[in-house]
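Peer 1: Sequence and predicted structure, then a few things I'm wondering about:
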Protein chains: 2
Amino acid sequence: MDDALRRFKAEIFSALAHPTRIAIVELLRDGEITAGAIMVRLGLEQANVSQHLAVLRGKSIVVARREGNQVFYSIRSPLLLDVLASLRTYFEQQLSQASDLLLSIQAEAATPTGVDPEVLP
Amino acid sequence: MDDALRRFKAEIFSALAHPTRIAIVELLRDGEITAGAIMVRLGLEQANVSQHLAVLRGKSIVVARREGNQVFYSIRSPLLLDVLASLRTYFEQQLSQASDLLLSIQAEAATPTGVDPEVLP
DNA sequence: CCGGTATATTCGCAAGTTCGAATATGAGGT
DNA sequence: ACCTCATATTCGAACTTGCGAATATACCGG
């Protein structure tokens, strides 16, 4: 019984366990957007975007709304944003503790200053 | 923008994307506990517990403390529990919105490749 | 009906995950 | 030193995931 809840949580985590899908959810934070716009904004293959959207759809994380030619996607429940908000706090604490990781992120992103907090979900 | 940060987030999600590892984290909610106790409480193989603990350790979700023969594990940051708590709220809302969501989750888990035939209603 | 545009799905393959069995390490007691 | 208990790691098989190429579906205008 409690196992069903854990499986559900694990599936939500699995659905978010990919950088591209995190990027998609971050994009949808500001409101609905078409699949094509996601493709352009993230610079991905069309099929790839559609596959990742299918994963998010399958776990009911996003919902699709058809309007003529295009399909608009949006976050299904604002409560998921609360989950991401608590994760943001967690990541901030982890990043401030793991300074060597922070440095590696800075080096890889080639940004002179620290991590922009606005980027976090 | 910050792909390295998104990869880091995705790795944390991946680390939690398994029912057993969620169960371990929930067990550790009440304080530190030995690997052997986790094995007994969850009824798992010894190697399996150790492998899952290695994943959680690798992402710094838990920390290990050796005391003689045994190894005590504990949650590294209590903020992670806030994440799981908000995820439970999310789950409860999903249930109240669609009472058969659990069944669809179970059906989908039983049929791995099965995704809703129609994207839109 | 035909063409074009937007999105979805299928396919094949490489890469990653999970599990139990077997094996290895580490610590304490004799 | 040896033995034992607790935990970790390695190995191989089954399974899953991610990707681009190709293909399919849906909608709209002419």
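Peer 2: Yep, it's here.

Peer 1: which helices and strands does the longest helix belonging to chain A pack with?
Peer 2: Looking across chain A with DSSP state H, the single longest helix is helix A:78-97. Other helices and strands packing on helix A:78-97, by 3 or more C-beta pairs under 8 Å, 6 or more residues apart in numbering or on different chains; DSSP states H and E, are helix A:99-109, helix B:3-16, helix B:79-97. C-beta: built from backbone N, CA, C; applies to glycine.

Peer 1: closest one to A:Glu45 among the ones you listed?
Peer 2: Proximity to A:Glu45, assessed across the helices and strands packed on helix A:78-97 by C-beta to C-beta, is greatest for helix B:3-16 (16.3 Å).

Peer 1: How about that closest one and DNA strand D, any contact?
Peer 2: No: using C-beta under 7 Å from any atom of the strand, helix B:3-16 never reaches DNA strand D; the gap is at least 8.4 Å.

Peer 1: Name the residues of that helix that are buried.
Peer 2: Buried residues in helix B:3-16, counted by 16 or more other C-beta atoms under 10 Å in any protein chain shown: B:Ala4, B:Leu5, B:Arg6, B:Phe8, B:Lys9, B:Ala10, B:Ile12, B:Phe13, B:Ser14, B:Ala15, B:Leu16.

Peer 1: from memory A:Leu28 sits against A:Val63, does it?
Peer 2: No: taking contacts as C-beta atoms under 8 Å, A:Leu28 lies outside contact range of A:Val63: 10.1 Å.

Peer 1: Mutual contacts of the two, please.
Peer 2: A:Tyr73, A:Ser74, A:Ile75 (C-beta atoms under 8 Å, 6 or more residues apart in numbering or on different chains).

Peer 1: Could you report the neighbour count for the last one?
Peer 2: Counted with other C-beta atoms under 10 Å in any protein chain shown, the neighbours of A:Ile75 add up to 19.

Peer 1: Over to A:Asn69?
Peer 2: 7.

Peer 1: repeat for A:Gly68
Peer 2: Counted with other C-beta under 10 Å, A:Gly68 comes out at 5.

Peer 1: and it, what are its phi and psi?
Peer 2: For A:Gly68, the backbone dihedrals (degrees, to the nearest 10) come out as phi 60, psi -120.

Peer 1: Please name whichever of the helices and strands packed on helix A:78-97 is nearest to DNA strand C.
Peer 2: helix B:3-16 (5.8 Å; C-beta to the nearest atom of the strand).
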